[in-house]
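S.K.: this one's structure only:
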C-alpha cells in the first residue's frame, strides 16, 4: 500500500493506483477529457494536471501512479491557471457554435467551459485559419473535424477496444488530426459503423446521423402507417437518458411512451429475434447434417451468427474467406422489416407503400444495415428509419413526456410477442443461449440440461467464452448427432472477435457455432446506447436483461405463439422458400482499408 | 565566482585505438565501469543533463537479460550539428561507447537512431559497423548494433518518442513513469545516451574519471562540443571546457556587435547582452545540448521568435493540448500583436500561457517552448511589439 | 515487378514485425519518392497491420511523402540560420530556374521543391538537401550551378 496526501488529506491506496483514482477515493473529482474507463491511459488532454508540492512540472493525474509520501494539490493556483488555459486552448481550436451542435448540453468540453467560467476566453480563434470538413457520407456516423479536440478516445476505441482501426491519428503538430485512411469518408473505409467512437466522443465531433425529423414527419403524416420495433437492449438502457438509473427495466414505460409519440403500432424486435433463432438453429442443424451425414467437405463450419451488422461488415473487410461461414439469416431488425411490409401488411390489410417501419436500436450500425441494397426483399426499403436509444430519449423529451411517470403498457399484437430467449439477444452470449435452448430441444425433444434454462458458461464479460453441450438420446430424425459434443464459442467487442477468428483460421479453435457481437458486452453496450457506457453500466444493463428473461412466461423462441402462427399462416417451414426470399441474405468481400 | 575562460579541449575528436580501450574494459566488472562514469560527473550531452553513470546504474539494476543500448543520433535542435561531425569523424568511438554501456548494463543489442537528414552518413557508418562487429567477435563480446533512421520529425529526439519511432509508430512521447531504464524500447529496460555522451564515456575510461572531473565546474564537469552559428565569423564545431560565461564566449566567437545569444537552440534560452557577464554556460546557468547561436544588432528578435514558433507549431507531435495549441497560439499571438490586432498587453497573456506550457505539457518539447518564448519576449519586448 | 512483389522484397529484407514498418516505408520513398495509397494497403496486407494506422504513421514523418514527387526532391532549410543567411534568395533562384513554386513538382516530374526544418548545417547556411545529399554555403550562383548539373542528368 502507498500512503500519500491529496489536498492535505491522507489516503492509502494500492501500488499502481493513479493519482486520479486516489483522489476519487477522497471524493475529489479531477476533471478529465481524454480519460475513459474503457480505454488505456493517454495523458494527452492535460485537463487533469495536478501539482506535487515542491515539484517543478505538473502531472497528469490520469497517467501518473501514486508514490509514497506524495503531497498532491488538485486545486492550487498553478493547477487552476493551467487547467483553465488548457480548456481555453481546446476551445480556441473548437467550433464552439454550441446552440447549433447536436451535442449541445451533452458535451464534456462545454461542461468544463461552464464549470471554469471561461466565458469570453482570451485566445485567438484558430479555426479561422484552417479548413475543416464535415463527413456526412456514412448513414451511421457523422464526423465533424471542427469539433474535434484530439483527445483520441475514438482512436483508442477503434484500435484497442474494437480492433477495427478505421480511425487513426494522422499528421503532426498543428496539422494533427483524427483521420481515416487517406482522409477518405467514413463510408468508404473499414469502419463497421459500430458507433463505439460516438459513445466515447466527449464533444460533437462524432455523432450518429440522426433521422428524428424524418420519423416525426412520418408520424405526423396521416397517410402513413408507422410501425415501430424496439430492440431488446433498448429497454435496459433508455431509462438512463431519461433520468432513471442504469439497469432499470423500462419495457412497459417505453411502450407507453412510444404510443404517446403517435406510432400506429408498437412492436417488438424480440419477436423476430425468436424467429432468427428458429431459422438460424435450423440452419446450423442442416449444416451439421451436410457435414456429418452427407460428408460434404465444402460445408462451411463453424457457423457464425449474423445479427450484429458491425460484425458482418467487419468480417466482410477483414476475414472475407470466412463469409460462407456466416449464417445467411438476416438480423432480427431486417427480418422484422421484411415481414412488416409483407406479412403484417397482408394481415392488417394495409398497402405496404403506406407503411413506414422505424426501429429503435442500441446500435448505429443498424442504420447502415437498413441501407444495404440487399435489404429490400419486401419490394420496399424493409426498414425505413433507424433511431438509436439516445435518439428515442430525445424524441420523448421533445414530446414533453414525463417518462418516469409513464404507466406501463404492452406491445401491440402481431409481431409484438416474444420469449425470454428473444430478450437475451441484447447481451453477449444471448444468441448462443437462445439458440441452444431451441436447437437442443429440436434434436432431443428435451430442454437443455441447465438449471432454469440458464446457460451460465456463455454469460458474463470474458472476451472469449467457450461452452459445449453433449447431445444424447436424440430423436430419430437427428440420430446422426448422437453423442456429438456441440461446441460453441462467443466473443464480444471486435478485438475479441478478431482474436477468435484468428484462432479459427490458424486451426487453434475447433467449434461448431460462434456468436459474435460487435460491441463490448453485446448490444446492451452498443454504440447507440446512452452516454456514458462503461463496464459497471454494462453489468447493470446485463443484469436487467437476464431479469427480464426470467420474468417472461415463455423462455424459448420456438414456443413463441406468434412465431408458430407466422409459420402456419405465412412462412410454411423454417428455411422454406418464403424464408429464403424474405429472411435470408448474402454478403460481399470489401476493401482492406 | 571564478569563470573558466574559453579553453579548447580535444577529447571527442582525438583519434584513439578503440580496440585497446575495449580490451581493458572487457575484463572490468560492470560495477567498476559504472562507478568510473559516476565518479567523472558526466551528465548527458543531449541537453537534458541526466547523470550518465546513474542512468547506467538504473539500467544495470533491472532484472532480465533483454535490455537495449540506444544511441540518440536524432540531432534536430536548430543550431545543433555536432553529432553529425562526431559520427562522421570518429564513429568507432561512438560504437565503442555503446559497447562499454552494453557491458555495463548487460545488453546484447544496441540501436543507433540517426536522423533522416543525415542519411548521407549511412554507407560509411555501415562499413565501420562491420569492422566493429568483427572486433566484438574477436573480443568475445556478444553485442550487435543496428542502425535505424528517422524521417524528418524533430520530436523523435525525445527519448520515448524515439522508441516509438524505432518500434514503427508515430513518434509520440510516452507518459512517464515508467522511465526508459525500467521500460524503454520494446518495453524493455533501455539505456539511451546521446552520441557525444557515449564518446565521453570512452574517454573517461581511457584517461580516468578524475581527468574529466577536473575539467569544468562543480555542476558542469568536463568539456562539451559546441555548435556555433549565427552572426559569428567563426561558425563551426568546438570542444570547450565547461564553465565559461556567455561574455567570454561572445568575446571569442562574437562579431563585435552581438546583442543576444540563444543557448540550447530553439528550445533553449535567449541571453541578452546585459546578462552576458553573469550567465554561465552549463547546468548552473544556461544548459545546452551544444547549440550556440549569436545574433547581432541587425537581427529582429521578432523574426527569430517567429521562426522558432513556426518550427515548434510544425514539429510538436500534436498529442497534448498545451503544446499543440499553445505553439499555434504563441505564433498567431505575436503576429496579432505585431499587426496591432491585439494590444501589447496580450503579450503578458502569452507569457502566462508559456508558463502553462512549461508546467503542463507532456514532454520536454512543450515544456521548453515556454522557456524560449519567455526569455525572448521578456528581453526584447519592444522588438516583438513594434 | 508488380507492386506486391516489390513490397514483399522489402518485407523479406526488413521483416514482418511492426518495427520493420519505418525501414520499409523509407525504402519505398527512396525508390519512388512517395508512398501511394496502394503501397500502404499492400504493406498493411503483408505486415497484417491496419492501413489507416500506416497512414497515420506515414503522415507523421515529413520525409515520408504521400504525394507524388519528382525524381529529385529538393528540400530547402527554412530554420533560423538558413533563414538569416539568405534562404529566400536561394529559394527564389531555384524557383526561377525550375519554373515552379515552393511545394510544386516540375512537369517532367524531375524536381520537387519543398521546405524543411533544420537539417543540421547551420554553420554552413544556407543549405539544401537534394534527395539525401546536402549542399551548403549556398549562393544564388552556386545553387544555379548545382541545379544545372542535375538538369543535365537524365
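M.R.: Received, thanks. Just so it is clear, the structure is predicted and the values come from calculations on it, not from any experiment.
S.K.: ok, residue A:549 to chain B distance?
M.R.: From residue A:549 over to chain B the distance is 43 Å, taken as C-beta to the nearest C-beta, to the nearest Å. The way it works is simple: take the backbone N, C-alpha and C, and place the C-beta from them, glycine included.
S.K.: which ones are touching that residue?
M.R.: Residue A:549 makes contact with A:420-421, A:423-424, A:555, according to C-beta atoms under 8 Å, 6 or more residues apart in numbering or on different chains.
S.K.: give the residue farthest from the middle of chain C.
M.R.: Relative to the centre of chain C, the most outlying C-alpha is that of residue C:48, 26.5 Å out, by C-alpha atoms, centre = their mean.
S.K.: let me see the contact set for that residue.
M.R.: Residue C:48 makes contact with residue C:16, according to C-beta under 8 Å, 6+ apart.
S.K.: could I get the pLDDT score of it?
M.R.: Here the pLDDT value assigned to residue C:48 is 94.
S.K.: got the contact list for the closest residue to residue A:115 other than its chain neighbours?
M.R.: Distances taken as C-beta to C-beta, 6 or more residues apart in numbering or on different chains place residue A:31 nearest to residue A:115, at 7.1 Å, with adjacent residues excluded. By C-beta under 8 Å, 6+ apart, the residues touching residue A:31 are A:47-48, A:83, A:112, A:115.
S.K.: on that earlier part again, helices - which of the contacts of residue A:549 land there?
M.R.: A:420-421, A:423 (DSSP state H).
S.K.: chain B contacts on chain C?
M.R.: In this structure, chain C approaches chain B at residues C:17-23, C:25-26, C:29, C:56-57, C:60-64, C:78-81, C:83-84, C:116-125, C:129, C:132-134, judged by C-beta under 8 Å from any C-beta of the partner chain.
S.K.: just the buried residues of those.
M.R.: C:18-23, C:25-26, C:29, C:56-57, C:60-64, C:78-81, C:83-84, C:116-125, C:129, C:134 (16 or more other C-beta atoms under 10 Å in any protein chain shown).
S.K.: counting neighbours, what do you get for residue B:174?
M.R.: 20 (other C-beta atoms under 10 Å in any protein chain shown).
S.K.: how far away is residue C:86 from residue C:138?
M.R.: Here the distance between residue C:86 and residue C:138 works out to 8 Å (C-beta to C-beta, to the nearest Å).
S.K.: find residues that contact each of these two.
M.R.: Common neighbours of residue C:86 and residue C:138 (C-beta under 8 Å, 6+ apart) are residue C:126.
S.K.: which one of the two has more residues nearby?
M.R.: Neighbours around residue C:86 and residue C:138, counted as other C-beta under 10 Å, are more numerous at residue C:138. The numbers are 26 against 15.
S.K.: what sits against the more buried one?
M.R.: C:86, C:90, C:126-128, C:146.
S.K.: repeat that for residue A:350.
M.R.: Residues near residue A:350 by C-beta under 8 Å, 6+ apart: A:225, A:344.
S.K.: and what about it, helix, strand or coil?
M.R.: coil (DSSP: H, G, I helix; E, B strand; the rest coil).
S.K.: do the same with residue A:284
M.R.: Relying on three-state DSSP, one would call residue A:284 helix.
S.K.: and the gap between it and residue A:575?
M.R.: For residue A:284 relative to residue A:575 (C-beta to C-beta), the value is 11 Å.
S.K.: likewise for residue C:72?
M.R.: From residue C:72 to residue A:575 the distance is 66 Å (C-beta to C-beta).
S.K.: same question, residue A:226
M.R.: 31 Å.
S.K.: which one's more surrounded, the two?
M.R.: Using other C-beta under 10 Å as the criterion, residue A:226 and residue A:575 rank with residue A:226 on top: 23 against 19.
S.K.: got a pLDDT number for residue 56?
M.R.: Picking chain A for this. For residue A:56, the pLDDT comes out at 89.
S.K.: think we crossed wires, I meant chain C
M.R.: 98.
S.K.: what's the local residue count around the closest residue to it other than its chain neighbours?
M.R.: Taking C-beta to C-beta, 6+ apart, and ignoring the residues beside it in sequence, residue C:56 has residue A:168 as its nearest neighbour in space, at 3.4 Å. Close neighbours of residue A:168, defined as other C-beta under 10 Å, add up to 24.
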